[in-house]
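Novice: for reference, the sequence and a predicted model appear below.
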Amino acid sequence: MTVLTYWHCSPRQGSFVRRRILSAALVLLGLPLFSRADESPIGVTVDDLVERTFLDSWTVSPDGNYVAFLAVQPVPRGNLYQITLYLQKTIEQAQRIRIAQYSLMPQEVRDPDTHSLYKAVSQFVWSPDSRWLLYTIHRKPGMELRVKNIRTGQKTILLSGHERVEMEKATSDQRKWQIRTLDTEKEQNGKTDLPKDMALLIKDGYRFYGPLDNPKRGRPLITRIWEYNWGDKRSKELVNNRTSQYSGYPMEYSWNDPLKILERSPLPNRPPQEMSTDSKGKSATMSVKLDTRVEPEKTVVQEMEGKGVRTVYEENAFLDHPSLSKDGKIAVMMRKTNLIPDELVRLDLTTGKMVSLFSPNQSFRVKTRGISVRFMPIPVGGGRFSGRLFLPADNQESKRYPLVFTTYLSNPGFDLSDEVPILPLVAHGIAVFALDAMKTAPLISNRGDFGDEVRRVEEPREAMEWVVKKLASEGVVDAQRVGVSGISYGAEISMYAYWKSNIFRTVSATTGSWEPMWYAMGGLGFEGFLKSRGFSEPRDGSYAEWKRLSAGLNARPTLPPLLWQSPDHEQSSCVESWLELRRAGAQVEWLQYPDEGHVKRGPANIWWTRQRNLDWFRFWLKDEEDPQPAKTEAYSRWREMRTNFEAAKAAARQID
């Protein structure tokens, strides 16, 4: 159970010398100073970050001798994902066997809201005797279902040519697997009595801030159910199980169909059952469970047997979803530290020894060398807050760094999920504080108390201001060069701090936040949700309450420069704020990314959001520009924004 660069000097030194010479020349000529930064810092780049390999799913064979696992690598310049299914023995430095490799488009790989992997990317399960591996892959003619004999290496194609193949479930005795295939129904010949009715009935639960995809514009899907018995050379179609229906109607007030998401371990991780003898000589079943408990600075792996608990392993890392052998002696899991992404490891539960099986992101070990990560508790909001301070490798006591806040690093481990490239920022001399704000997210209630909504963003603001004051007093950061960023709940925090706090020089968020417009865009079902959280219906007299959260209702020309990089499915989250901020003269740059949901899934879009955030914070916090010609237009806009912003501040000072 899971709880849980070749010169006599370095390139940086060479760049520093060149900049000093250029600066001196500019001073002598009476020209303005402006830094054009080196394009090749020592450290992690946006390419490194986006192209890192993700280990999204794995499962150990029942006998503990093998592990099958899926490696997913984004290819930003092709805007696709390379998928590789591997088989490997669970011994140190064992040779890997590549079972399959293919490329898929973003919409075939990840869910647009959660970034979770779709089941159809690849599914793989073991036979109870560890002899067979049943798995799905993608080929040009369509998906295939295959089985591999582990002893002989022979592969057999069981199903082929289908648009989608899904492993449904195993029988209770694990001897058979039920398989589902989905294929588009062919056009029917001949005339029908009535024209095709493509109208979509709008329901109360539909939300209008995202597109309402109408599946009737396509053709129905034919669903067929198959059965596979371990060792057979073909799958058998079950009779009377074909259905024809449209799928993909707009979701009402709900998130995802859980069946379409691939679990980390394709097979349920059943705890081993061992037989023992009780005091009366009768057989008794004893259950052993593995628990990975995440603490602020480490993960503790514990084995629980009956009422006894034994610590097997602990490390300042994040250990994810252990997959157990049948005898409970071997666990295979994913490991990531604060600086190193996904690595597949094997833990011997008897000895507590851990070994690496697959380390696809080894370059990070060198590129992050010297970076320090400091855990900091924050005495704000009843002590609920903490975070991690990432400092550059050239950390010096006399140097004050610019600082950027992120809001989603809640566990030890490599967890960069809010579109801000932490390690590339650090490589460019910007400190990053990853604030764990998630402990205030549960303040959401259904008791209609609007004060809860304010507290869940006000307390993170107070926490960030405490951190800036603390680190500035230590001489670590420059309190005049601080930025904040966020997505989802992090965007709520960022957009509140944007107008409420005076410590931020710039802000980056994926979208706007709470505005009265949400009442109309959310639909009738969402209206009830808003009321339960204390949001008043927009009308005369209610805007004073909304102004306690709304950036649009607090618009003014002296607000710090703001960058939005929104998905097109959530553009309405920005519309009202955009109108009010622009009318007030605030400096806002809004970019919208196509075919994206709540969490961006296109490798090209992921690359650009990270790169723009890097460029944005370097520009506003360090006065640095990337000399690439493709970015000339953006910097021209940003310089104009800076001129307008400084003029607004000067005008405000004259009034005061």
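Specialist: Nice, I can see it.

Novice: and the residue nearest to E295 when sequence neighbours are not counted, how close does it get to R346?
Specialist: Closest residue in space to E295, ignoring its immediate chain neighbours: P412 at 7.8 Å, by Cβ to Cβ, 6 or more residues apart in numbering. All C-beta spots, glycine's among them, are computed from the backbone N, C-alpha and C. Per Cβ to Cβ, to the nearest Å, P412 is found 20 Å from R346.

Novice: how is the protein divided into domains?
Specialist: According to automatic domain parsing, the chain is divided into the following domains: 5-36, 43-47+364-655, 57-186+202-260, 286-360.

Novice: pipe the ones you listed into TSV and attach distance to L194, mean pLDDT and mean neighbour count per row.
Specialist: Written out in TSV, the entries for those read as follows (distance: least, Cβ to Cβ, whole Å; pLDDT from 0 to 100; neighbours: other Cβ atoms under 10 Å):
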stretch	distance to L194	mean pLDDT	mean neighbour count
domain 5-36	67	36	11
domain 43-47+364-655	30	92	19
domain 57-186+202-260	14	89	17
domain 286-360	51	89	18
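
Novice: could those go into JSON lines alongside distance to P195?
Specialist: As requested, the domains of the chain are exported to JSON lines (distance: least, Cβ to Cβ, whole Å):
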{"stretch": "domain 5-36", "distance to P195": "62"}
{"stretch": "domain 43-47+364-655", "distance to P195": "29"}
{"stretch": "domain 57-186+202-260", "distance to P195": "12"}
{"stretch": "domain 286-360", "distance to P195": "50"}
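
Novice: so S57 is in which element?
Specialist: Following DSSP states H and E, one finds S57 within strand 54-60.

Novice: which helices and strands does that strand pack with?
Specialist: Contacting strand 54-60 under the criterion 3 or more Cβ pairs under 8 Å, 6 or more residues apart in numbering; DSSP states H and E are the following elements: strand 66-75, strand 124-126, strand 318-324, strand 330-336, strand 343-348.

Novice: ok, which of those comes nearest K260?
Specialist: Taking Cβ to Cβ as the criterion, strand 66-75 is the member of these that comes nearest to K260, at 15.9 Å.

Novice: F414 should be in a strand, yeah?
Specialist: No: counting by DSSP: H, G, I helix; E, B strand; the rest coil, F414 is located in no strand; its state is coil.

Novice: hang on, isn't it packed against M334?
Specialist: No: F414 is beyond contact range of M334, at 10.3 Å (criterion: Cβ atoms under 8 Å).

Novice: list residues touching both of those two?
Specialist: Here F414 and M334 have D342 as joint contacts, going by Cβ atoms under 8 Å, 6 or more residues apart in numbering.

Novice: residue ranges of the helices in the stretch 1-150 of the chain, please?
Specialist: Assigned by DSSP state H, counting those that start in this stretch, the stretch 1-150 of the chain shows helices spanning 11-29, 46-50.

Novice: which strands and helices sit next to the last one?
Specialist: Applying 3+ Cβ pairs under 8 Å, 6+ apart, one finds that helix 46-50 makes contact with helix 363-367, helix 422-427, helix 603-622.

Novice: I'd like those helices laid out as TSV, including distance to G522.
Specialist: Compiled in TSV, those are given as follows (distance: least, Cβ to Cβ, whole Å):
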stretch	distance to G522
helix 363-367	41
helix 422-427	33
helix 603-622	25
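
Novice: of these, which is nearest T243?
Specialist: Ranking the helices and strands packed on helix 46-50 by distance to T243, with Cβ to Cβ as the measure, places helix 603-622 first at 35.0 Å.

Novice: what angle do that closest one and strand 66-75 make?
Specialist: Regarding helix 603-622 and strand 66-75, their directions subtend 60 degrees when assessed with axes from the mean of the first three to the mean of the last three Cα atoms, to 10 degrees.

Novice: helix 603-622: what's the following helix or strand?
Specialist: Counting by DSSP H and E, the next helix or strand C-terminal to helix 603-622 is strand 624-625.

Novice: contact partners for the spatially closest residue to G602 that is not a sequence neighbour?
Specialist: What sits nearest to G602 in space, not counting adjacent residues and going by Cβ to Cβ, 6+ apart, is P106, at 4.2 Å. If a contact means Cβ under 8 Å, 6+ apart, then P106 has 79-81, 595, 601-603 as its contacts.
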